[in-house]
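Asks: My questions concern the predicted model and sequence given below.
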Amino acid sequence: MKVYQICFSPTGGTKCAADLVCRAWGVRPEPIDLMKHVGPLFFSEDDLCLIAVPVYGGRVPQAALRGLRVTKGNGIPTVLMAVYGNRAVDDALLELRDETRACGFRCIAAIEAAAQHSLFPRFGEKRPDREDARELMKYGRQILEKWESGDDSEPEKIPGHRPFQPYNGVPLHPKATSRCQRCGLCARECPVQAIPRDEPHKLDKRKCITCMHCVEICPSEARVLGGLIARIAEKKLADPCAGRKPNRLYI
């Protein structure tokens, strides 16, 4: 079989969780990076696909959905994965199911997986960890057994509610510090072109989705998320993000 792994993973946590599930399938997946890919994609129902996205405010990032909406699933059996920052999945997994169904993907399983929070790393720190790895690989084996048995049924219940809760972004954006060397890597890699290529120390806040990719990849560690608003936001998340949140499989 041919396995496709479609990911939108600005800080790497979503990709890490997706890799653990695919590892259980014993086949190296063909990676498709929604951070970069913009052209149409076409699939076959004889193959298998995993689509993994992060959760932003209980929803799927619109930047990821734009990439998915130009694809043609053609009935390919698909595992959906929503990776959340140790708070909650909310409506993201259901939204992902609706969007991928409209593109012709056939959901046979869904996973919610916890990862380190992208804005405030102390929440869910270092997740996915070894315990997560064991659990996600177990999910992968269960999904493979279902698919190989010829059972292509959709999970009976996927969490979420309609209408989906509104999400208009967050009033926080990473800023360049004096350490910025103007190498331009962040501008080239930004999935929404919010950083000017000729002035990479600047930022278009209207475009920025606070995905933190620029912070993650900066070789000089020159971009940071700080200030009073960030401290207030982190304090508000302390209770919702407390403890170890679970992974869940819907099959």
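Replies: It's in. Bear in mind that the values here come from a model prediction, so they are computed numbers and not experimental data.
Asks: Run through the helices of the stretch 101-250 of the chain in chain order.
Replies: Listed in chain order, the helices found in the stretch 101-250 of the chain under DSSP state H, counting those that start in this stretch are 130-148, 185-189, 213-217, 228-237.
Asks: would you list these in a markdown table and tack on mean neighbour count and mean pLDDT?
Replies: All C-beta atoms are positioned from the backbone trio N, CA, C, and that covers glycine. Formatted as a markdown table, the helices of the stretch 101-250 of the chain follow (neighbours: other CB atoms under 10 Å; pLDDT from 0 to 100):
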| stretch | mean neighbour count | mean pLDDT |
| --- | --- | --- |
| helix 130-148 | 16 | 97 |
| helix 185-189 | 18 | 97 |
| helix 213-217 | 20 | 97 |
| helix 228-237 | 13 | 94 |
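Asks: is it possible to export the ones you listed to TSV including distance to residue 95?
Replies: Formatted as TSV, those follow (distance: least, CB to CB, whole Å):
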stretch	distance to residue 95
helix 130-148	20
helix 185-189	25
helix 213-217	21
helix 228-237	21
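Asks: do you know which of those lies nearest residue 119?
Replies: Proximity to residue 119 (CB to CB) singles out helix 228-237 among the helices of the stretch 101-250 of the chain, at 7.5 Å.
Asks: Not counting its own residues, what contacts the closest one?
Replies: With contacts defined as CB atoms under 8 Å, 6 or more residues apart in numbering, helix 228-237 is touched by 87, 117, 119, 120, 123, 170, 171, 172.
Asks: Does the last one touch residue 57 like I think?
Replies: It stands for residue 172. No: assessed by CB atoms under 8 Å, residue 172 is found out of contact with residue 57, at 11.9 Å.
Asks: more crowded one of the two?
Replies: The neighbour comparison of residue 172 against residue 57 (other CB atoms under 10 Å) goes to residue 172, with 20 against 15.
Asks: Next up, the contacts around the more buried one.
Replies: Residue 172 is in contact with 119, 210, 225, 229, 230, 233, counting by CB under 8 Å, 6+ apart.
Asks: Put together JSON lines for those, with distance to residue 24 on each row.
Replies: Formatted as JSON lines, those follow (distance: CB to CB, whole Å):
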{"residue": "119", "distance to residue 24": "30"}
{"residue": "210", "distance to residue 24": "32"}
{"residue": "225", "distance to residue 24": "34"}
{"residue": "229", "distance to residue 24": "41"}
{"residue": "230", "distance to residue 24": "37"}
{"residue": "233", "distance to residue 24": "36"}
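Asks: what distance separates stretch 74-94 from the middle of the whole chain?
Replies: With CA atoms, centre = their mean, to the nearest Å as the basis, stretch 74-94 stands 8 Å off its chain's centre.
Asks: First-to-last residue distance for it?
Replies: 20 Å (CA to CA, to the nearest Å).
Asks: Only the buried residues of it, if you could.
Replies: By neighbour count on 16 or more other CB atoms under 10 Å, the buried set for stretch 74-94 is 76-94.
Asks: With stretch 98-114 instead?
Replies: Residues of stretch 98-114 classed as buried by neighbour count (16+ other CB under 10 Å): 98-100, 103-114.
Asks: Pull the number of nearby residues for residue 150.
Replies: By the criterion of other CB under 10 Å, residue 150 has 6 neighbours.
Asks: hang on, isn't residue 188 packed against residue 197?
Replies: Yes: using CB under 8 Å, residue 188 is in contact with residue 197, at 7.0 Å.
Asks: Tell me where the model's unsure across the chain.
Replies: 38 (pLDDT under 70).
Asks: Quick check: the closest residue to residue 196 other than its chain neighbours vs residue 10, distance?
Replies: Residue nearest to residue 196 in three dimensions, not counting chain neighbours: residue 202, with 5.5 Å by CB to CB, 6 or more residues apart in numbering. For residue 202, the distance to residue 10 equals 19 Å [CB to CB, to the nearest Å].
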